[in-house]
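Trainee: Got a predicted structure plus its sequence, pasted below:
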Amino acid sequence: MTGMTLGLIMGSINAPVNCKHCIRALPSTQFSRSQKSDNGYYPYCKDCRAFKLRQKTYGLGEGEYEALLATQGYGC
């Protein structure tokens, strides 16, 4: 696939993309690239992908994650 074709498929770099999890229309810079999707981006924004990874790996919900961060002073 040539650069021109790839550019046409992926559209404008800042074109809004809809996240399947949070249902927000965000700039494409808020999404990771994917060669497998039709629009060139993962269906979930970077924040939602991180949330889903925490949920899958550690079993933490959003409230639990925020509470854990607060107890650690928002650091590692």
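Mentor: Noted; the coordinates are in hand. Just so it is clear, the structure is predicted and the values come from calculations on it, not from any experiment.
Trainee: host element of residue 64?
Mentor: Per DSSP states H and E, residue 64 falls inside helix 62-71.
Trainee: May I have that helix as PDB, with CA atoms only?
Mentor: Taking Å, rounded to 0.1, in the frame of the first residue of the first chain, the C-alpha atoms of helix 62-71 are listed here in PDB:
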ATOM      1  CA  GLU A  62     -12.200   2.900  37.600                       C
ATOM      2  CA  GLY A  63     -13.100   3.800  41.200                       C
ATOM      3  CA  GLU A  64     -10.700   1.300  42.700                       C
ATOM      4  CA  TYR A  65      -7.900   2.500  40.500                       C
ATOM      5  CA  GLU A  66      -8.400   6.100  41.500                       C
ATOM      6  CA  ALA A  67      -8.500   5.100  45.200                       C
ATOM      7  CA  LEU A  68      -5.300   3.200  44.800                       C
ATOM      8  CA  LEU A  69      -3.600   6.100  43.100                       C
ATOM      9  CA  ALA A  70      -4.700   8.500  45.900                       C
ATOM     10  CA  THR A  71      -3.300   6.200  48.600                       C
END
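Trainee: Give me the three-state assignment for residue 57.
Mentor: Using DSSP: H, G, I helix; E, B strand; the rest coil, the structure places residue 57 in helix.
Trainee: Could you count how many residues lie near residue 37?
Mentor: Per other Cβ atoms under 10 Å, the neighbour tally for residue 37 reads 14. In this view, the C-beta of every residue, glycine as well, is placed from N, C-alpha and C.
Trainee: residues in contact with it?
Mentor: Neighbouring residues of residue 37 by Cβ atoms under 8 Å, 6 or more residues apart in numbering: residue 43.
Trainee: For it, which three-state class applies?
Mentor: Residue 37 is classified as coil under three-state DSSP.
Trainee: Which parts of this protein are helices?
Mentor: 3-10, 46-58, 62-71 (DSSP state H).
Trainee: With mean neighbour count and mean pLDDT as added columns, please give the ones you listed in a markdown table.
Mentor: Formatted as a markdown table, these follow (neighbours: other Cβ atoms under 10 Å; pLDDT from 0 to 100):
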| stretch | mean neighbour count | mean pLDDT |
| --- | --- | --- |
| helix 3-10 | 11 | 48 |
| helix 46-58 | 13 | 90 |
| helix 62-71 | 11 | 85 |
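Trainee: Many thanks, I have nothing further to ask.
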